[in-house]
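Undergrad: sequence first, then the predicted structure, then my questions.
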Amino acid sequence: MKRPLLFVVVLVVIAGLAFPAGGREAAAPEGDVLKVGVLAPLTGVFAGGGWLIVEGVKLAFEGVDYQVGGRPVQLFIEDTGARPEMAIQKTQRLVEREGVQLIIGPLSGGEGMAMKEFADRIPNVTVVVAGAASEDITMRGIKPNVFRTSYSGAQVMFPFGEYAYNELGMRQVAVIASDYAFPHSQVGGFLSTFLLAGGEVPARIWVPFGGPVDFSSYIAQIPRDIDGLFVGLGGTDAINFVQQFKEFGLLGQIPILGGSIFVDPVVLSQVGEDLIGVKAGSHYAQELPYPEFRAFEEAFFARNQMPTSLWAADYFVATQAVIAALEEVGGRIEDQAGFREALRNVELDTPRGPFRFDEFQNVVLTARITEVRKIGDQYRNIVIKNVPDQDQFGPFDPDWYQAQPPFGRDTPTLPMLRQAVFR
């Protein structure tokens, strides 16, 4: 059942956005409270954007006045620090101590994979992965209680690899990215179509994730005679990389291609001038042609004086999907089977565009190729190409794709891709 995205702008002054672990937000009246857990990185490498997640969830619930199916909603916001073990600990706390049966999150790929592995231990809880984009969350064996409303890393990169070869004329592209599941997926998706088109990757440089990084030794490994550099970094890592890349005198000498979170508005707020013209693969931008986008953008900007981000939009859309499914079952989250069936059938018009799930409980979306531009005094990602109805398998046959090993530090390879089965 397709329904328009309901969004009522409710401007509420909220004191503070760095919530303590277990902090209760939007306290509901006494009664049959519907408890919702939210996993967000309010500390760690993604802390600069973690508060955006909370804003996305709040704006969606404010749109229905924190009432769903006749029940008041209580949010429990937990800081995971983008660490897999912390995501599991906080999930256990939410389920065992607070009695939560619905969790929105987490953000990072490692967390998402940990939640998938943990899902069997919480069969009466539905996890709506609102940010994590590691491939295997929704393939190579799916969990009945795990849905993903965000994207898989490769999903939005399949069109970008082909674009780099065919439209940008690039033949040699090196890679520098964080060494964990999400960037593996993004790099894998990009290289799958880039290599098949005839491109070459002279270097894959992997950077440790989770702590401060001095990029000088990694930048020294980047070949100089290349057509482009794919950068799969985010948060403070992305900012520090750009600053050091500039210090090496390489900014403007080697064209940069961005992963989805490399050009997030939080990054652009610090190094946007240096990234003007950078193209990236994503499913979101700061200019989209939907009334739902305009409503979301206006409400978000009114509260935060900055454009919306991919993270805020992803958690907003996840919450909207949750609300739609809960309304369908009259707010009865206790009926997990009924709720999950309603969630599978949700179709929405959202700030990101049309939304629906595939048979693997992963979102089908419009992939976009964007470019960083300065609009007035703001740096924004502007869409230069749309690829609608993109699922997580790109051009490949789903059975063949899932029979291959997950993307990693050394995959995909051209010999593997030459054996590919296409749709």
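TA: That came through, no problem. Treat the numbers as computed from the prediction; the structure is a model and nothing was measured.

Undergrad: which ones are touching His184?
TA: Contacts for His184 were tallied using C-beta atoms under 8 Å, 6 or more residues apart in numbering; they are Gly109, Ser134, Gly153, Ala177, Pro406, Phe407, Gly408, Arg409. Backbone N, C-alpha and C define where each C-beta goes, glycine included.

Undergrad: try it again at 6 Å.
TA: Phe407, Gly408 (C-beta atoms under 6 Å, 6 or more residues apart in numbering).

Undergrad: repeat that for Phe209.
TA: Ser178, Asp179, Tyr180.

Undergrad: which SS class is it?
TA: For Phe209, the assignment made with DSSP: H, G, I helix; E, B strand; the rest coil gives coil.

Undergrad: now do the one 4 residues further on
TA: Classification of Val213 by three-state DSSP places it in coil.

Undergrad: so in the protein, where's the weakest helix or strand by average pLDDT?
TA: The weakest-scoring helix or strand in the chain, judged by mean pLDDT, DSSP states H and E, is strand 23-25 (a mean of 39).

Undergrad: which SSE is immediately downstream of it?
TA: With elements assigned by DSSP states H and E, the helix or strand that comes after strand 23-25 is strand 34-40.

Undergrad: sec struct for the residue nearest the centre of the chain, please.
TA: Closest residue to the average C-alpha location of the chain: Gly131 at 3.8 Å, with C-alpha atoms, centre = their mean. Here Gly131 is recorded as coil under three-state DSSP.

Undergrad: now it, nearest residue through space, not along the chain?
TA: Leu107 (3.7 Å; C-beta to C-beta, 6 or more residues apart in numbering).

Undergrad: distance of that neighbour from Val173?
TA: Separation of Leu107 from Val173 (C-beta to C-beta, to the nearest Å): 27 Å.

Undergrad: more crowded one of these two?
TA: Leu107 (30 against 25; other C-beta atoms under 10 Å).

Undergrad: helix or strand for the more buried one, which one?
TA: Here Leu107 is assigned to no helix or strand, by DSSP H and E.

Undergrad: I'd say it and Val129 touch.
TA: No - if you go by C-beta atoms under 6 Å, Leu107 and Val129 don't touch, sitting 9.1 Å apart.

Undergrad: so where's the stretch 201-350 of the chain uncertain?
TA: Scanning the stretch 201-350 of the chain for pLDDT under 70 picks out nothing.

Undergrad: show me the strands in it, by range?
TA: Listed from the start of the chain, the stretch 201-350 of the chain has strands (DSSP state E, counting those that start in this stretch) covering 204-207, 228-232, 256-258, 279-282, 347-350.

Undergrad: what's the fourth one in contact with?
TA: Going back to what we said before, that points to strand 279-282. Val156, Met157, Phe160, Gly258, Ser260, Val263, Arg368, Thr370, Glu371.

Undergrad: next: the first one.
TA: Contacts of strand 204-207 with the rest of the structure, by C-beta under 6 Å, 6+ apart, involve Val175, Ile176, Ser178, Asp179, Val213, Tyr218, Gln221, Arg409.

Undergrad: partners of that strand in the sheet?
TA: As defined by DSSP bridges, the strand partners of strand 204-207 come to strand 173-178 (parallel).

Undergrad: give me the buried positions along whatever helix or strand comes next after the partner strand.
TA: Counting by DSSP H and E, the next helix or strand C-terminal to strand 173-178 is helix 181-197. Buried residues in helix 181-197, defined by neighbour count with 16 or more other C-beta atoms under 10 Å: 181-196.

Undergrad: and of these, the nearest to Gly169?
TA: Taking C-beta to C-beta as the measure, Gly169 lies nearest Phe194 of those, at 12.2 Å.

Undergrad: these two touch, right, the closest one and Gly161?
TA: Yes - the criterion here is C-beta under 6 Å, and Phe194 meets it with Gly161 at 3.5 Å.

Undergrad: list the contacts for Arg83?
TA: Applying C-beta under 6 Å, 6+ apart, no residues contact Arg83.

Undergrad: if we go to 7 Å?
TA: Counting by C-beta atoms under 7 Å, 6 or more residues apart in numbering, Arg83 makes contact with Gly44.

Undergrad: can you read off the pLDDT for it?
TA: pLDDT recorded at Arg83 is 95.

Undergrad: do the one 5 residues further on as well
TA: According to the per-residue confidence, Ile88 scores 98 in pLDDT.

Undergrad: Gly69 and Glu328 touch, don't they?
TA: No - applying C-beta atoms under 7 Å as the test, Gly69 and Glu328 come out as separate, 8.5 Å apart.

Undergrad: from Ala133, how far off is the residue nearest to Gly131?
TA: Leu107 sits 9 Å away from Ala133, going by C-beta to C-beta.

Undergrad: before we move on, what about Pro212?
TA: According to C-beta to C-beta, Pro212 and Ala133 sit 24 Å apart.

Undergrad: more neighbours: which of those two?
TA: Each of Pro212 and Ala133 has its neighbours counted (other C-beta under 10 Å); Ala133 has more, 30 against 9.

Undergrad: Glu78 pairs with what?
TA: Taking DSSP bridges as the rule, Glu78 bridges to Leu39.
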